[in-house]
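Peer 1: Just the structure for this:
(one chain, ligands or ions: 1)
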Amino acid sequence: MNISTYYQITTNELKGKVILVTGANRGFGRAMTLDLAKAGATVIMLGRDLGSLEAVYDEVLDAGHQEPILYPFDLEGATPEHYEQLQAAIFANFNQLDGLIHNASIIGTMMPIEQYDIKLWYSVIQINVNAVFMLTQFLIPALNKSADARVLFLSSSVGRNARAYWGAYGVSKFAIEGMSKTLSEELEKTNISVNSLDPGRMQTEMRRTAYPAENADKNPIPESKSPAIVYLMSEKSEKVNGEQLTLSNA
Ligand SMILES: NC(=O)c1ccc[n+]([C@@H]2O[C@H](COP(=O)([O-])OP(=O)(O)OC[C@H]3O[C@@H](n4cnc5c(N)ncnc54)[C@H](OP(=O)(O)O)[C@@H]3O)[C@@H](O)[C@H]2O)c1
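Peer 2: All right, here's what the predicted structure looks like:
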């Protein structure tokens, strides 16, 4: 299902909503944090680098948007106890969670599976899949308290059509598509909608690492796509559920 990148954010359309974004410190996560806060949501900014999280926090406040919450957290090293603490912190500060956006991931390396570094494979699967599973599992109780909650899994075209040499990253995105579909079936009769989203190419560090030879300036900036994330967290998209979404300029 295609979702347009063109969306006009209305002031306060997400007022009162609490939305957790992983990897909120840069790239697409930063852009969506700014737009979600612009729409009035309280964004729980999860990331492993406190300095860059604070820089985005300052940008949000300087723009006059809703104040976010910083949550320093390393998705690679976190244990179930860390997720339990996050769950407790959300319940201690808010009644519910209205959105969970699994944005953070790492690209690993471009390499045939035959030669793929085993330690790196484990890291990619830990951050891109296992952490996503644990975060989801521990935050479902808070999402259940919301009258209209959304879970969004950031995916990729290589998680829908296999491409040689994309290694652990491609495999991790296939796993994300499976997780999204399985979860949406399990939560079918609840107030939680679950979708995966291929955002398409963007001018970020991940894209530059994957395509070092291309002219990066030709790629759309993440800010041109992040309004669609506000749409996907808003009442206007309440019927969108169990879909493999793709951002398009149409
Ligand atoms: N850019 C594209 O062209 C493109 C295309 C298709 C799909 N996507 C998907 O879109 C999403 C966002 O991509 P992007 O381009 O914005 O990527 P990016 O610029 O590389 O940013 C990745 C984010 O993930 C965070 N992260 C990585 N490892 C982490 C860990 N262990 N703990 C916590 N946070 C961690 C990074 O934090 P640090 O700063 O600490 O590293 C950063 O905030 C990804 O899921 C990606 O697969 C992107």
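Peer 1: Just want the residue of the chain that's nearest the ligand.
Peer 2: Gly27 (2.4 Å; Cβ to the nearest ligand atom). Every residue, glycine included, has its C-beta placed from N, CA and C.
Peer 1: Go through stretch 47-54 and flag the buried ones.
Peer 2: For stretch 47-54, burial by neighbour count (16 or more other Cβ atoms under 10 Å) applies to 47-48, 53.
Peer 1: For those, give me JSON lines that also has secondary structure and pLDDT.
Peer 2: What follows is these, written out as JSON lines (DSSP: H, G, I helix; E, B strand; the rest coil; pLDDT from 0 to 100):
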{"residue": "Gly47", "secondary structure": "strand", "pLDDT": "98"}
{"residue": "Arg48", "secondary structure": "coil", "pLDDT": "98"}
{"residue": "Leu53", "secondary structure": "helix", "pLDDT": "98"}
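Peer 1: Enumerate every residue touching the residue most central in space within the chain.
Peer 2: The structure's the chain has its C-alpha centroid closest to Asn103; by Cα atoms, centre = their mean the separation is 2.3 Å. Neighbouring residues of Asn103 by Cβ atoms under 8 Å, 6 or more residues apart in numbering: 21-24, 28-29, 32, 154.
Peer 1: so which pair among those residues is furthest apart in space?
Peer 2: Ala24 and Leu154 (12.3 Å; Cβ to Cβ).
Peer 1: This protein: strands as residue ranges?
Peer 2: For the chain, the strands defined by DSSP state E occupy 2-4, 18-22, 42-47, 69-72, 99-102, 149-154, 192-198, 244-248.
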